[in-house]
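[1] any chance you could fold what I've pasted below:
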Amino acid sequence: MFNKILIANRGEIACRVIRTCRRMGIRTVAVFSDADAHAQHVSQADEAYLIGGPRPVDSYLKGDFIIEIAKKSGAQAIHPGYGFLSENARFARACEDAGIVFIGPTPAAIEKMGSKSAAKALMQTAKVPVVPGYHGDNQDAQFLAQQADIVGYPLLIKAVAGGGGKGMRLVEKSEEFISQLEAARREAKNAFGNDDVLIERFVLGPHHIEFQVFGDTHGNYVHLYERECSIQRRHQKVLEETPSPYLSGDENMRKKMGDAAVAAARAIAYRGAGTIEFIAGEDREFFFMEMNTRLQVEHPITEMITGEDLVEWQLRIAAGEPLPLKQKEIITGGHAIEVRICAENPANDFLPETGKMHVFATPTIDSEVAEEGDTRLDTGVVSGDEISVYYDPMIAKLITWGGDREEAIRRMQFALSETDVIGVKTNLGFLQRLVKHQAFIDGATDTGFIPRYRAMLMPDEAHCPVEALIAASLFELASEKANTGSDVWDSKAGWWLNRGAIRTLEFHAADEAAVETVQVETMDVGTSTPGYSLTIGGTLFHVTQHAVDGLNLRFTANGVTHRRTVLAYEDQFSVLLADTRHHLRLVDPFHFETTTETNDGRLTAMMPGRVVKVMAAAGDTIKKGQALIIMEAMKMEHTIVSPRDGVVERVAFQVGEMVPADAVLFAFIGQ
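    You can find the predicted model right below:
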């Protein structure tokens, strides 16, 4: 076994490999780009080396440089993770030439499976069923159009190189073929440097089912059963589970697919971890799609049902050991589900988002229960980390196990209700709706799931329930109280003779479309359990705040006690309820905005204050977001910015003057 390995990757997979190596007593070497100098995989490894700039081509794809670092550090092997260099035959061969073990398949196996068309031809020889279509070398557009007519519509045009849905087009009629072919080729050329394509029949009612396979250097091959990855957006996986609901009760089909997967691995003398991907239709026929010659993102669910550490298997096989188990010795139990938590906006076609994760709240995982495979979180980031434009937007993988599918779903629903991020948009609200959707619970999970139920799966944060507003208000009041010093003038609560203070908290929903106000009257001032009367939408709520423990808030409203998770960062709040999450922004009482009723371009003061500085004069041309005036209130300064482009027509107040509530500060002309 190795004493030290280098991990040629980053993020959660690098941390995942480090975890197994630490348990096995193997030292680890990390590599990192400028953008990852403070990343978790850097701090967790025993050694770490800077390899270049933030772009992958300048760092994580510099194979020759990484090999030199491996030799310099004394690493005996390189684990490529997934992505980057993991399926690069040239890199695998360079490792071997340098006397360093590549923890993965042989270069020859990578090359054989690197082309979808060549792989399908090889699978046909091995008697593994493949999707009917054209996989040849003739790439003439008119010839391909003729082949398409033979295959029949609907069909898929697919790039022969790469994956992730790039260079893939669904064509439903012949007159669309040439334009879709051109689009697929352009995308493939940009993504993979190769615009060759293949044509395949489009399988109706498709299910994406893959089998985890392993091979060693002693001629042994096994599979560790299947994973269903049918729920996808833009041909990329969102949720994976095992066993497959599609195969439920059909052990004969499961055995046929498992045998075909092992036959595929044996056909190329495969070594290490790989995945054979099948497409299965509503007619229950299945076909080989491709082989991923690496560890998969979704490997944890296989680990959850088998109790095996697949990274350990990789290490042992790379060190020349035989497979740890024979096929008949691999036992599975229960059901496991994984969701991919990504920085992306589901409402904007799941396009990636970037930014700083000010707060990353994760589910409470009991260490004793976690050892039994209940709930698991694989991640490479923590609160305060940046989601960069340079890398995959995946933040974490959340995995749950249950004795059956119902229990695994229930645990996933609960775990998602304890997970959230402030600072960057994520797909968490979408995932929460997904795992509660009745069609998913019923196991109706073909690849058309998201398009079919898209309207019901999109998060809707415009409506905010009263419970969320109460929780956000109490969390803000508790924070204010905790930050109040001994000086009475530090208090934001105010003071009223013969009654509690009354103030108004104004919240905007995350999309800024909805405005919610909470009128707060403080009761029982000075007691250990503060009481409040909250008026929301004309309804009065008598509320007692019991405790704030980290992110957990416990309170009683109108006789009902609640425990809720609340995330907060500056003026941002996220309240996690059992079924939904609600992102709110506490509005600064001195914010100013265009008067929408008359559209006359005025900025008005929401509360009184004193002018500290004026940064614009009548006649000045200003831009939206430009600072115009600084006001002081409650011993705090508030910078007010312009809500629009235009020209200042009038400045109403000067430095030192007091501004009453609702007074006009600026008037504008122009749009």
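[2] C-alpha from now on. contacts and neighbour counts both.
    Noted.
[3] quick one: the strands in the stretch 451-600 of the chain, in order.
    Along the stretch 451-600 of the chain, the segments classed as strands by DSSP state E, counting those that start in this stretch run 502-509, 515-523, 531-536, 539-549, 552-557, 560-569, 572-576, 581-586.
[4] roughly how far is the helix or strand following the last one from the heart of the chain?
    From strand 581-586 onward toward the C-terminus, using DSSP states H and E, the following helix or strand is strand 602-604. The chain centroid and the centroid of strand 602-604 are separated by 40 Å, computed with Cα atoms, centre = their mean, to the nearest Å.
[5] quick one: buried residues of the helix or strand just after strand 602-604?
    Once strand 602-604 ends, the next helix or strand along the chain (criterion: DSSP H and E) is strand 609-614. Judged by neighbour count using 16 or more other Cα atoms under 10 Å, the buried positions of strand 609-614 are G609, R610, V611, V612, K613, V614.
[6] which ones are touching the last one?
    Contacts here follow Cα atoms under 8 Å, 6 or more residues apart in numbering; on that basis V614 touches L628, I629, I630, Q654, V655.
[7] dump the buried residues of strand 609-614 to JSON lines, plus pLDDT.
    Formatted as JSON lines, the entries for those read as follows, by pLDDT from 0 to 100:
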{"residue": "G609", "pLDDT": "74"}
{"residue": "R610", "pLDDT": "79"}
{"residue": "V611", "pLDDT": "86"}
{"residue": "V612", "pLDDT": "85"}
{"residue": "K613", "pLDDT": "88"}
{"residue": "V614", "pLDDT": "92"}
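[8] picking up where we left off before, which of the strands of the stretch 451-600 of the chain has the lowest mean pLDDT?
    Taking the average pLDDT of each of the strands of the stretch 451-600 of the chain, the minimum falls on strand 515-523, with a mean of 78.
[9] CA atoms only: put it into CSV for me.
    As requested, the backbone C-alpha atoms of strand 515-523 are provided in CSV (Å, rounded to 0.1, in the frame of the first residue of the first chain):
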residue,chain,number,x,y,z
VAL,A,515,-42.9,43.8,1.0
GLU,A,516,-44.0,42.6,4.4
THR,A,517,-44.2,44.7,7.5
VAL,A,518,-44.2,43.6,11.2
GLN,A,519,-45.2,46.1,13.9
VAL,A,520,-43.5,45.2,17.1
GLU,A,521,-44.5,46.3,20.6
THR,A,522,-42.1,45.2,23.3
MET,A,523,-43.8,43.7,26.4
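[10] just the buried residues of that strand, please?
    Taking 16+ other Cα under 10 Å as the criterion, strand 515-523 shows V515, E516, T517, V518, Q519, V520, E521, T522, M523 as buried.
[11] over to stretch 79-93?
    Neighbour-count burial for stretch 79-93, counted by 16+ other Cα under 10 Å, picks out 79-89, 91-93.
[12] dump the buried residues of strand 515-523 into TSV; add distance to E172 as well.
    Putting the buried residues of strand 515-523 into TSV (distance: Cα to Cα, whole Å) gives the following:
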residue	distance to E172
V515	45
E516	47
T517	51
V518	53
Q519	57
V520	59
E521	63
T522	64
M523	67
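[13] and these, which is closest to N190?
    The shortest approach to N190 among the buried residues of strand 515-523 belongs to V515, at 44.2 Å (Cα to Cα).
[14] tell me the bridge partners for the closest one.
    Taking DSSP bridges, one obtains H508 as the residues bridged to V515.
[15] thought it was touching H508?
    Yes - with contact defined as Cα atoms under 8 Å, V515 reaches H508; the gap is 4.7 Å.
[16] from L431, how far off is the closest residue to I502 other than its chain neighbours?
    In space, and not counting its chain neighbours, I502 is closest to E521: 4.3 Å by Cα to Cα, 6 or more residues apart in numbering. To L431, E521 is 37 Å away according to Cα to Cα, to the nearest Å.
[17] who wins on neighbours among the contacts of V614?
    Within the contacts of V614, I629 tops the neighbour count with 22 neighbours, counted by other Cα atoms under 10 Å.
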